[in-house]
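Colleague: attaching a predicted model along with its sequence, questions to come.
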Amino acid sequence: MQIARVLGTVVSTQKLDTMQGVKLLVVQFVAANGELESRYEVAADRVGAGIGEWVLISRRAIAADPDGRERSPID
């Protein structure tokens, strides 16, 4: 897991059915000292994070199926 800051949203004109309703965000990673890194990523948001908020990015199996729903292609 890693901390990141939400910079904005991504618009997707086509999504798999399992990803309908999942908001996509552009995030910038935060270093251990609290400074912003020069690394960015698109993240799937299932908790309703807003622009400017700091979020915890998780990957692997827990990211793909955090609440027991059908698996989505999210890592």
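Modeller: Happy to help now that I have it.

Colleague: before we move on, what SS does the spatially most central residue of the chain have?
Modeller: When the chain is reduced to its mean C-alpha position, the nearest residue by Cα atoms, centre = their mean turns out to be Ala43, at 2.4 Å. Taken by DSSP: H, G, I helix; E, B strand; the rest coil, the conformation at Ala43 corresponds to strand.

Colleague: hmm, it is touching Phe29, no?
Modeller: No: taking contacts as Cβ atoms under 8 Å, Ala43 lies outside contact range of Phe29: 10.4 Å. For the C-beta atoms, the positions are set from N, CA and C on the backbone; glycine is no exception.

Colleague: any shared contact partners between these two?
Modeller: Common neighbours of Ala43 and Phe29, using Cβ atoms under 8 Å, 6 or more residues apart in numbering, are 4, 57.

Colleague: returning to that earlier point: report the contact partners of the residue nearest to the centre of the chain.
Modeller: Ala43 makes contacts with 4, 24-27, 55, 57, as judged by Cβ under 8 Å, 6+ apart.

Colleague: so Val27 sits right up against Leu36, yeah?
Modeller: No: between Val27 and Leu36 there is no contact under Cβ under 8 Å: 10.5 Å.

Colleague: higher neighbour count, those two?
Modeller: Val27 (23 against 13; other Cβ atoms under 10 Å).

Colleague: same for the helix or strand harbouring the more buried one, what does it pack against?
Modeller: In this assignment (DSSP states H and E), Val27 forms part of strand 23-30. Under the contact criterion of 3 or more Cβ pairs under 8 Å, 6 or more residues apart in numbering; DSSP states H and E, the helices and strands touching strand 23-30 comprise strand 2-10, strand 36-45, strand 54-57.

Colleague: quick one: least confident helix or strand in this protein?
Modeller: Scoring the helices and strands of the chain by mean pLDDT, DSSP states H and E places helix 61-64 at the bottom, with a mean of 56.
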